[in-house]
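> Below are the sequence and a predicted model; questions follow.
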Amino acid sequence: ILEKCLTTVFQASVLLGQADSAPTIVEAVQFHGIRITKNDALVKEISELYRSATLDELVHNSHLAAKHLQEVGLMENAIPLIDTASSSNGYIVNFVVKEPKAFSLGLKAGISTNGDADMSLNAGKQSVFGRGEAINSSYTYTVKGDHSFNLSFAKPFLGWQKYSNVSASLFRAISFLPWNHSNCEENAIILGYNGQITRKILHQIKFNTMWRTLRATDDSAFSVREHAGHTMKFSMENSVAFDSRDRPILASKGILG
């Protein structure tokens with residue numbers, strides 16, 4: 001005799017607003033589809049779910065957790081499903097997730113505003129070490145012979161509804177400047193921090209360092225030659241913004257300034 005058990009589950013959003021008085025005890029949070037994501041990263045992201053006092057609060061928090069998992073780069077897609085447990089008022093939250101692609105690669109060609117044709121090769125990987133880290137690189141070559149290379153790394157600070165990260169970028173460009181008949185090499189390092197002072201006040205700070213080498217050619221004027229050589233520049237950018245929009249794209253109310 002074969003017995004078949006069927007379990008029906010619903011997306012968390014189906015129950016939202018219909019169980020604001022039902023007491024809730026979260027007994028377990030399970031993930032389905034995990035391959036490389038680290039356990040400590042998941043614990044930081046969903047720990048608040050265990051504090052949900054009602055079913056309506058659990059539904060709301062489950063939706064926020066799934067959304068945040070995608071926004072910080074841990075998951076490409078995440079769907080929260082809530083199921084009952086064997087105990088009274090007990091629930092189990094299941095996240096059906098899809099982790100980011102192992103590797104992304106892109107190639108594009110175009111024409112710039114000044115009429116120069118260029119080709120770009122882009123490569124990147126999300127959640128490199130299983131904690132939402134992202135590495136992206138690009139190489140651009142123009143028909144004039146100019147070329148540039150960029151390598152960037154970003155690491156988010158994980159936690160319940162935490163939106164902050166640190167980033168580092170390396171840049172190198174070699175180009176010919178036809179207006180002064182010289183060759184220019186630029187090497188830059190950019191360190192940055194993005195975070196929130198409050199929920200609506202955003203903070204960004206950047207440290208920029210650039211090493212520039214100007215090489216004069218035989219056709220360069222004397223006024224260009226006297227500036228040839230190496231120069232080092234350092235700058236810092238600090239900005240604070242206020243964001244009260246209801247959503248980042250096509251907002252119906254709020255301001256960003």
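Cool, got the structure.
> Count the residues that sit near N136.
Per other C-beta atoms under 10 Å, the neighbour tally for N136 reads 16. From N, CA and C alone the C-beta is placed, and that goes for glycine too.
> who touches it in this structure?
N136 makes contact with 122-124, 150-152, according to C-beta atoms under 8 Å, 6 or more residues apart in numbering.
> Among the residues you listed, name the buried ones.
Taking 16 or more other C-beta atoms under 10 Å as the criterion, what is buried in these is 124, 150, 152.
> Could you export the contacts of N136 as CSV, including secondary structure?
Shown next, in CSV, are the contacts of N136 (DSSP: H, G, I helix; E, B strand; the rest coil):
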residue, secondary structure
N122, strand
A123, strand
G124, strand
N150, strand
L151, strand
S152, strand
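> I'd like those residues as a markdown table, with pLDDT appended.
Output for these, formatted as a markdown table (pLDDT from 0 to 100):
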| residue | pLDDT |
| --- | --- |
| N122 | 95 |
| A123 | 95 |
| G124 | 95 |
| N150 | 97 |
| L151 | 97 |
| S152 | 98 |
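> Just the closest of those residues to S21, please.
G124 (46.6 Å; C-beta to C-beta).
> who's that closest one bridged to?
Beta-bridge partners for G124, by DSSP bridges, are S104, N136.
> could you check the distance from it over to P80?
Taking C-beta to C-beta, to the nearest Å as the measure, G124 falls 27 Å from P80.
> shaky segments in this structure?
For the chain, the stretches with pLDDT under 70 are 1-20, 113-115.
> 90 - rerun?
Scanning the chain for pLDDT under 90 picks out 1-23, 55, 86-89, 101-103, 108-119, 142-146, 175-182, 196-200, 215-229, 243-257.
> What are the boundaries of the strands in this structure?
Here the chain has its strands, by DSSP state E, at 10-11, 25-32, 77-84, 90-98, 104-111, 117-126, 134-142, 147-156, 165-177, 182-196, 201-216, 229-242.
> Among those strands, which comes closest to K44?
That would be strand 147-156 among these, by C-beta to C-beta, at 10.4 Å.
> In terms of secondary structure, what does the closest one contact?
Counting contacts by 3 or more C-beta pairs under 8 Å, 6 or more residues apart in numbering; DSSP states H and E, strand 147-156 packs against strand 134-142, strand 165-177.
> now these in CSV, with distance to L256?
Formatted as CSV, these follow (distance: least, C-beta to C-beta, whole Å):
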stretch, distance to L256
strand 134-142, 24
strand 165-177, 19
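> Of those strands, which is nearest S52?
strand 165-177 (26.8 Å).
> That closest one pairs with which strands?
When pairing is defined by DSSP bridges, strand 165-177 lines up against strand 147-156 (antiparallel), strand 182-196 (antiparallel).
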